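S.K.: sequence first, predicted model second:
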Amino acid sequence: MEKLFTALNESSEQLAEELDLSYVEAVAETGENIFHGDVLQDELSEIAAKKLRKIYAGIQLDTYTKEEIRKAFQLCVLKGLKEGAHPNHQMTPDSVGLFVGYLVQRFMSEKSSFSLLDPAVGTGNLLTAVLNQLKDHQVESSGVDIDDLLLQLSYISANLQKHPVQFFNQDSLQNLFADPADAVICDLPVGYYPNDEGALSYALKADEGHSYAHHLFIEQSMNYTKPGGFLFFIIPNQLFSSKEAPKLNAFIKEEAYIQGLLQLPLSMFKGEQHAKSVFILQKKGEGAEPPKQALLADLPKFSNFDGMQSMMKKINEWFSSSR
Ligand code: SAM
């Protein structure tokens with residue numbers, strides 16, 4: 001993995017310098033080159049193109065697993081995003097992706113094939129981390145994002161990992177080009193949705209002023225989940241304490257069954273006010289049933305082996321007793 005990261009990093013640095021791009025834009029360019037097995041930038045000098053070809057010749061993608069490719073690409077994107085990313089453009093951390101992947105795999109275990117949608121796919125790190133855990137399922141997946149550079153990174157990462165994902169570059173709070181899915185995953189963008197007109201069709205629009213994008217995202221995700229399908233959200237812990245929360249609570253109660261709320265370790269976040277949880281819902285509809293009891297837990301640090309072992313045991317017990 002380190003060798004792949006080094007090659008991606010060196011070629012990105014070189015492309016950024018030669019073409020006066022930001023590092024993260026150069027990561028996208030180099031990813032395209034590696035995927036096509038060629039240097040696609042005609043404006044490069046012959047010497048620069050030759051140097052790049054030499055770096056690319058040292059990479060045999062087939063010798064890496066999908067996870068190794070995801071991680072090497074993710075490290076470069078992270079380095080690029082550190083240059084100045086808006087907090088809502090931050091990629092979902094590795095450990096969260098792996099944990100959500102585990103949950104999706106458990107909740108969808110009875111379906112050998114299903115569709116999966118991420119309406120805030122960003123760099124694709126969460127989506128591909130989840131896909132890499134669904135080895136025993138046939139998954140038709142799609143990802144949507146409003147940010148064209150992030151979506152390009154997503155698409156290149158999926159290509160390099162050989163995941164046939166359908167991508168759409170659009171505002172997810174308008175009518176989606178993607179079809180409703182059996183499962184939705186979403187690391188919610190938190191903040192206000194600036195388009196008041198666009199928020200009008202939502203039950204969760206604010207009574208006055210801008211609406212919360214994260215509330216609208218929950219409603220829109222529900223619109224694009226098939227009846228009986230599952231939703232896995234990364235939510236801010238304060239989701240249920242804002243002044244708009246009663247409306248959100250009522251909406252969720254009407255439309256879905258709460259399956260679980262798992263608080264991510266506080267140590268993962270800069271402060272308690274930035275902490276997040278994984279919130280699992282099942283959309284009401286044929287075959288959907290409320291659990292005897294929702295799965296509620298505070299997750300230990302992912303590096304705490306014993307703590308994670310006993311958490312997995314607790315989750316397994318919940319699956320056999322409450323569903
Ligand atoms: N899971 C992603 C990853 O691994 O990179 C990170 C998701 S990030 C927390 C939230 C994403 O929501 C950002 O990529 C942002 O561009 C996107 N977003 C925000 N508002 C949006 C909108 N109205 N429509 C579509 N995407 C939006």
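M.R.: Structure received.

S.K.: the residue nearest to residue 318 when sequence neighbours are not counted: what's it in contact with?
M.R.: Ranked by Cβ to Cβ, 6 or more residues apart in numbering and with sequence neighbours excluded, the top spatial neighbour of residue 318 is residue 295, at 4.7 Å. Bear in mind the C-beta positions are built from the backbone N, C-alpha and C, glycine included. Neighbour list for residue 295: 259-262, 280, 315, 318, 322 [criterion: Cβ atoms under 8 Å, 6 or more residues apart in numbering].

S.K.: now with 10 Å?
M.R.: Residues in contact with residue 295, defined by Cβ atoms under 10 Å, 6 or more residues apart in numbering, are 103, 258-262, 278, 280, 314-315, 317-319, 322-323.

S.K.: may I see the buried residues of the top strand by length along the chain?
M.R.: Longest strand of the chain, by residue count under DSSP state E: strand 225-236. Residues 225-226, 229-236 are the ones in strand 225-236 that count as buried (16 or more other Cβ atoms under 10 Å).

S.K.: mind listing what the closest residue to the ligand within the chain touches?
M.R.: Nearest residue of the chain to the ligand (Cβ to the nearest ligand atom) works out as residue 122 at 2.8 Å. Shown in contact with residue 122 (Cβ under 10 Å, 6+ apart): 77, 81, 85, 88-92, 143, 145-147, 150-151, 153-154, 187, 189.

S.K.: what about residue 70, distance to residue 223?
M.R.: Going from residue 70 to residue 223 by Cβ to Cβ, to the nearest Å gives 29 Å.

S.K.: between the contacts of residue 295, identify the one with the most neighbours.
M.R.: Neighbour tally across the contacts of residue 295 (other Cβ atoms under 10 Å): the maximum, 24 neighbours, falls on residue 280.

S.K.: how many neighbouring residues does the closest residue to residue 35 other than its chain neighbours have?
M.R.: Nearest residue to residue 35 in three dimensions, chain neighbours excluded: residue 159, at 4.8 Å (Cβ to Cβ, 6+ apart). Neighbourhood size, residue 159 [other Cβ under 10 Å]: 17.

S.K.: list the buried residues for the one helix or strand residue 159 maps to?
M.R.: For residue 159, the element it lies in under DSSP states H and E is helix 148-160. Buried residues in helix 148-160, counted by 16+ other Cβ under 10 Å: 149-160.

S.K.: helices of the stretch 151-300 of the chain, start to end?
M.R.: 196-199, 213-223, 245-255 (DSSP state H, counting those that start in this stretch).

S.K.: tell me what angle the last one forms with helix 213-223.
M.R.: Orientation check (axes from the mean of the first three to the mean of the last three Cα atoms, to 10 degrees): helix 245-255 against helix 213-223 gives 10 degrees.

S.K.: which bits of the stretch 101-250 of the chain sit near the ligand?
M.R.: Applying Cβ under 6 Å from any ligand atom, we find that the stretch 101-250 of the chain lies next to the ligand at 120-123, 125-126, 144-147, 150, 171-173, 187, 189, 213.

S.K.: and these, which of them are in strands?
M.R.: Using DSSP E, those in strands are 144-145, 187.

S.K.: which stretches in the stretch 51-200 of the chain count as strands?
M.R.: 113-118, 138-145, 166-169, 181-187, 192-193 (DSSP state E, counting those that start in this stretch).

S.K.: quick one: list the elements packing against the longest one.
M.R.: So the one you mean is strand 138-145. With contacts taken as 3 or more Cβ pairs under 10 Å, 6 or more residues apart in numbering; DSSP states H and E, strand 138-145 sits against strand 113-118, helix 125-131, helix 148-160, strand 166-169, strand 181-187.

S.K.: with the first one instead?
M.R.: Taking 3+ Cβ pairs under 10 Å, 6+ apart as contact, the helices and strands that strand 113-118 lies on are helix 125-131, strand 138-145, strand 166-169, strand 181-187, strand 225-236.

S.K.: let's see that with 6 Å instead.
M.R.: Where contact means 3 or more Cβ pairs under 6 Å, 6 or more residues apart in numbering; DSSP states H and E, strand 113-118 is packed against strand 138-145, strand 181-187.

S.K.: any idea which of those is most buried?
M.R.: strand 181-187 (a mean of 25; mean count of other Cβ atoms under 10 Å).
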